[in-house]
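[1] Sequence first, then the predicted structure:
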Amino acid sequence: MFITNAFAAAAPATPVDTLMGSLPLIVIFVLFWFMIIRPQMKRGKEQAKMIAALQKGDEIITSGGQVGRVVKIDEQFIGLEIADGIVTLIQKSTVQTMLPKGTIKSI
């Protein structure tokens with residue numbers, strides 16, 4: 001009456017159970033890789049290629065929204081002419097987009 005029932009211990013986990021338990025984590029990582037990490041790396045490579053190809057006379061937009069023409073290129077900085085005779089120095093890494101020639105005149 002006062003004695004509790006004794007039950008058998010559960011079977012140890014098999015390798016198949018361990019794989020099935022970690023499968024959702026693997027799937028989530030693969031999805032993150034293809035949906036977030038890989039496109040971001042590709043965009044970064046394209047951005048670096050565009051910055052390396054900058055030349056005098058190119059028209060660009062910076063990440064801060066400035067539109068101008070490249071008049072000087074150094075190792076880390078670019079001279080950006082934002083109006084006639086007004087040149088500002090910006091970092092190369094802030095270049096966001098290269099515009100087609102003649103875009104500034106049409107604005």
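    Perfect, I can see it now. Residues are numbered from 1 along each chain as shown.
[2] If you rank every helix and strand of this structure by mean pLDDT, what lands last?
    helix 15-32 (a mean of 84; mean pLDDT, DSSP states H and E).
[3] mind listing what's buried in the helix or strand following it?
    Heading C-terminal from helix 15-32, the first helix or strand you meet, by DSSP states H and E, is helix 38-52. Within helix 38-52, the residues that qualify as buried are Ile51, counting by 16 or more other CB atoms under 10 Å. C-beta coordinates here come from the backbone N, C-alpha and C atoms, glycine included.
[4] Report the distance from helix 38-52 to the chain centre.
    Here the centre of helix 38-52 is set off from its chain's centre by 8 Å, with CA atoms, centre = their mean, to the nearest Å.
[5] partners of the helix or strand following that helix, with directions?
    Sequence-wise, the next helix or strand downstream of helix 38-52 (DSSP H and E) is strand 59-62. Taking DSSP bridges as the criterion, strand 59-62 sits next to strand 67-73 (antiparallel), strand 95-99 (antiparallel) in its sheet.
[6] All good on my end, thank you.
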